[in-house]
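Student: structure of the sequence below:
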Amino acid sequence: MTQTSRRTFLTKTATAATVASTAMALPAKAYSRVVGANDRLHVGLIGPGGMGTGHCHALNQLREPNNLETVAVADCWQKRADKAATLVGFPNVYQDYRKVLDHQEIDYVTIATPEHWHARMTIDAMDAGKAVYCEKPMTHTLPEAVQVMAKQKETKLPLQVGVQGMSDDSYISAREAIDGGMLGQVVQAQIEYVRRYGEQGPWRVPGLDPKMPKPEGLNWNDWLGHAPKTPWNPNHYFEWRNYAAYSGGIATDLFIHRITRIMKACNLLYPKRVVGMGGIWQWEDGRDLPDNFEMICEYPRGMTVYVLGTMSNRVGVDHLIRGYRGTMQFTNTGWIARDKDGKVLGEHKKTGAEDIVLHHTNLHNHIRDGEALNCPVELGMAGVAAVCMANESWRSGRMMAWDEKKQDMVSADALPSSLPKVSETN
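Tutor: Next comes the predicted model:
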């Protein structure tokens, strides 16, 4: 099968459904030899809106060097679907994403929709035998992440989560240095995603009329999906990152980029405890997610990670990992580690980048040759766990903890404490 092109394989197979079931039964390495090997990769795009337009440009750029063909696109707003079709230049345009999945020749789909659709579309794509590139966060909620991870393990189909910063080799290089003892025992990390918005605040569209009628050709019920049914609302549609029904706001849209970097560098998965704090402090405009936010995660290896996320001030903090022997600082060109006296312990000049083209290419190489994914399902789920726990901490006013048995978050006081007991003295 290694020497057989995908088209030849299909010719020798009774039906395309048999191909899908065969791929599902194979491990990822073997799957890479069936789908796309020595032949053109066929792609479907679901959700060609804001970020989806970026995917259109990336797929265009990769068409020749990566032997790629975009076969179909879908969006619940016909205007957006048609615009993407013009941009990418392909004939199959739909409003119903499931029709993209009906194309047997498609090897993988790119999902760039609002967060509340990520899980359902990813699972449906895998059930249709497709590999998936799903924009961050992998899912909107933690239970959905558990379901997606289970489906990926069941089908063995590739899933690349769209945290494009994982295609910057600084973090895997940092991990190797840390594992090698360069920093000694690592105890703390800090990172941020800060912005300074204008009068309208995060993710508001300047000049948007709240009485704007629903655009012609937009299927509002399909856009809502399983979210609470509500009459047409232009703020919800165009500014969905401000509402918990569709997004996790700062935590899931921005922090997921940052926390995943530290997780990869320090070999972290599920946090032990998480606290999230912030509020709607500056833009009380009907949003129900914080406009300023921060979180602290404690991990079982014995370290904390702090993430700052003010949207009112763009002055950030250095991106650091602190250890007993030294401190690693991430820069625009890679990282440098110094000891307490300033002596350089090591440094790395990055060759990758936070780049959507590189992230797609990594998935292509995985499908064809079994190259390790830069942001696989395990990392995607662990990132969702951290940011969802932070949001729940903010909403509930409680510290959240990870329950390994339940594979879910619980209130920290619901689990036995591992803190040392303090004896009372008179």
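Student: which residues touch the residue positioned nearest the centre of the chain?
Tutor: When C-alpha atoms, centre = their mean is applied to the chain, the residue found nearest the centroid is residue 136 (2.2 Å). Counting by C-beta atoms under 8 Å, 6 or more residues apart in numbering, residue 136 makes contact with 161-163, 252-253, 256-257, 380, 383. The way it works is simple: take the backbone N, C-alpha and C, and place the C-beta from them, glycine included.
Student: take the residues you listed and keep only those in strands.
Tutor: Judged by DSSP state E, strands contain the following of those: 161-162.
Student: closest to residue 192 among the contacts of residue 136?
Tutor: residue 257 (10.7 Å; C-beta to C-beta).
Student: got a pLDDT number for residue 215?
Tutor: Turning to residue 215, the model gives it a pLDDT of 97.
Student: regarding it, what is its secondary structure?
Tutor: coil (DSSP: H, G, I helix; E, B strand; the rest coil).
Student: that one: how many residues sit nearby?
Tutor: Look at residue 215: counted by other C-beta atoms under 10 Å, it has 14 neighbours.
Student: repeat for the one 3 residues further on
Tutor: The tally of other residues near residue 218 (other C-beta under 10 Å) stands at 18.
Student: which stretches of this protein have low pLDDT?
Tutor: Scanning the chain with the threshold set as pLDDT under 70 gives 1-38, 417-426.
Student: longest helix in it, please.
Tutor: Assignment by DSSP state H gives helix 377-396 as the longest helix of the chain.
Student: wait, what's in contact with the closest residue in space to residue 399 that isn't next to it in sequence?
Tutor: For residue 399, ignoring the flanking residues on the chain, the nearest one in space by C-beta to C-beta, 6 or more residues apart in numbering is residue 412 at 4.0 Å. Applying C-beta under 8 Å, 6+ apart to residue 412 gives the contacts 273, 398-401.
Student: mind giving me TSV with those residues and columns for distance to residue 75?
Tutor: Below are these laid out as TSV (distance: C-beta to C-beta, whole Å):
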residue	distance to residue 75
273	40
398	39
399	40
400	35
401	39
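Student: kindly indicate the member of the residues you listed with the most neighbours.
Tutor: Neighbour counts for those (other C-beta under 10 Å) peak at residue 400, which has 27 neighbours.
Student: separation between the closest residue to it other than its chain neighbours and residue 278?
Tutor: Counting by C-beta to C-beta, 6+ apart, the nearest residue to residue 400 once its immediate chain neighbours are dropped is residue 389, at 4.2 Å. To residue 278, residue 389 is 14 Å away according to C-beta to C-beta, to the nearest Å.
Student: ok, those two, which is more surrounded?
Tutor: Using other C-beta under 10 Å as the criterion, residue 389 and residue 278 rank with residue 389 on top: 28 against 21.
Student: count the residues that sit near residue 369.
Tutor: With other C-beta under 10 Å as criterion, residue 369 counts 12.
Student: the one 10 residues further on too?
Tutor: Neighbouring residues of residue 379 were enumerated by other C-beta under 10 Å; the total is 20.
Student: how about residue 117?
Tutor: A total of 25 residues lie near residue 117 under the criterion other C-beta under 10 Å.
Student: what's the neighbour count on the closest residue in space to it that isn't next to it in sequence?
Tutor: Of all residues not flanking residue 117 in the chain, residue 225 sits nearest, at 5.7 Å (C-beta to C-beta, 6+ apart). Using other C-beta under 10 Å, residue 225 is surrounded by 14 other residues.
Student: residue contacts, residue 46?
Tutor: The contact partners of residue 46, taken as C-beta under 8 Å, 6+ apart, are 73-75, 97, 100, 109-113, 121.
Student: rerun at 7 Å
Tutor: Neighbouring residues of residue 46 by C-beta atoms under 7 Å, 6 or more residues apart in numbering: 74, 97, 100, 109-111, 113, 121.
Student: quick check, nearest of the residues you listed to residue 64?
Tutor: Nearest to residue 64 among the contacts of residue 46 is residue 110, at 18.2 Å by C-beta to C-beta.
Student: excluding its backbone neighbours, what's nearest that closest one?
Tutor: With C-beta to C-beta, 6+ apart as the criterion, residue 110 has its nearest non-adjacent residue at 4.5 Å, and that residue is residue 133.
Student: and residue 69, that's in a strand?
Tutor: Yes: under three-state DSSP, residue 69 falls within a strand.
Student: what's around it, how many residues?
Tutor: Residues contacting residue 69 under the criterion other C-beta under 10 Å number 15.
Student: was I right to think it contacts residue 40?
Tutor: Yes: between residue 69 and residue 40 there is a contact under C-beta atoms under 7 Å: 5.4 Å.
Student: what's the overlap in contacts for these two?
Tutor: When C-beta under 7 Å, 6+ apart defines a contact, no residue borders residue 69 and residue 40 alike.
Student: can you give me the helices in the stretch 51-200 of the chain?
Tutor: Secondary structure of the stretch 51-200 of the chain (DSSP state H, counting those that start in this stretch): helices located at 78-88, 98-101, 118-127, 142-155, 170-179.
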